[in-house]
Every structure is written in C-alpha cells, then in structure tokens.
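Novice: need a structure here:
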Amino acid sequence: MDLYREEVMDHYEHPRNQGELVGDDVIYDHEVNASCGDSVQFYLRIENGKIVEVKWSGVGCAITTASASKLSEYLQGQALQEIKDMSEEELAQKGIGFEVNPGRIKCLMLPIKVVKKIIY
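Specialist: Got it, this is the predicted structure:
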C-alpha cells in the first residue's frame, strides 16, 4: 500500500477533530455533494483573528472523510485572513495535501467549500 493510501485510510478510520462546537463565538455551515450524498459540517471558533478550535461532522466516503480530518488539523492555529486569501486549490494543497483522480475531486473539495463558505 502506498503512502497516499495509508494516509487516507488512517484519516478515514481514525478521523481527527470530529464533533461539534457550541457557543455564541462559533461559526459553522455545511455542504452536501449532490452527486453522491456526502455531507460535511464545519465549526470554527475564532479569537483575535486566528482559528483556535475546529470540529467537523458528517457522513461521506473515505476521500471526503480524510479530507475533512486533514483540513481540520491544518486549520487549527491558522490566521483567518491567510485562509481567506488562499484559493480553494491552494487550501486543498496545503491543508489536505493529497490528490485524487478527476472523478473524485468533488469529494476532496467538499470540506474546502464548507470552510470557504463559513469565512466569507
């Protein structure tokens, strides 16, 4: 098994930062991939222009789950403005770090779309 597959399967089988955040200082939103039914919701707590806490919940394939898990780890501690300034592709490269074939790009990008929707 190659490194890419091992990383995806590890995040799929042991997703990081799953759960929900509550409170008046939490911003959140969700997205659904209509073509397959995957659904992801992200919760962000921001203090002094930094993302200080990230949680996510959802149901999805291995790619969507691994992407959400990896992105949640990356976002923690990042400056909100830096994330806003990144394109979706840049955020996928830095925050997720693996590529998929064109048929699975919607799965990979679903968590990115949710986060971009929240911060704009």
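Novice: please count neighbours and contacts with C-alpha atoms only from this point.
Specialist: OK.
Novice: what about the strands in this protein?
Specialist: Applying DSSP state E to the chain gives strands spanning 26-32, 39-47, 50-59.
Novice: of all the ones you listed, which one is nearest residue 92?
Specialist: Residue 92 sits nearest to strand 39-47 of all these, at 15.4 Å, using Cα to Cα.
Novice: quick one on the thing from earlier: tell me which of the strands of the chain sits nearest to residue 70.
Specialist: strand 50-59 (10.9 Å).
Novice: and that closest one, how far out from the chain middle?
Specialist: Distance of strand 50-59 from the chain centroid (Cα atoms, centre = their mean, to the nearest Å) equals 8 Å.
Novice: same deal with stretch 45-62?
Specialist: Worked out by Cα atoms, centre = their mean, stretch 45-62 lies 7 Å from the chain centre.
Novice: just the C-alphas of that stretch, formatted as CSV.
Specialist: The C-alpha trace of stretch 45-62 is given here as CSV (Å, rounded to 0.1, in the frame of the first residue of the first chain):
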residue,chain,number,x,y,z
ARG,A,45,-14.0,29.2,16.9
ILE,A,46,-12.0,32.3,16.1
GLU,A,47,-10.2,34.5,18.6
ASN,A,48,-8.0,37.6,17.7
GLY,A,49,-8.0,36.7,14.0
LYS,A,50,-6.9,33.1,14.5
ILE,A,51,-8.8,29.8,14.2
VAL,A,52,-8.3,28.4,17.7
GLU,A,53,-10.7,25.4,17.5
VAL,A,54,-12.1,23.3,14.7
LYS,A,55,-14.6,20.5,14.7
TRP,A,56,-16.5,18.8,11.9
SER,A,57,-19.2,16.3,11.5
GLY,A,58,-20.6,14.5,8.5
VAL,A,59,-21.1,11.4,6.5
GLY,A,60,-19.0,10.6,3.5
CYS,A,61,-16.7,8.4,1.6
ALA,A,62,-13.1,7.8,2.5
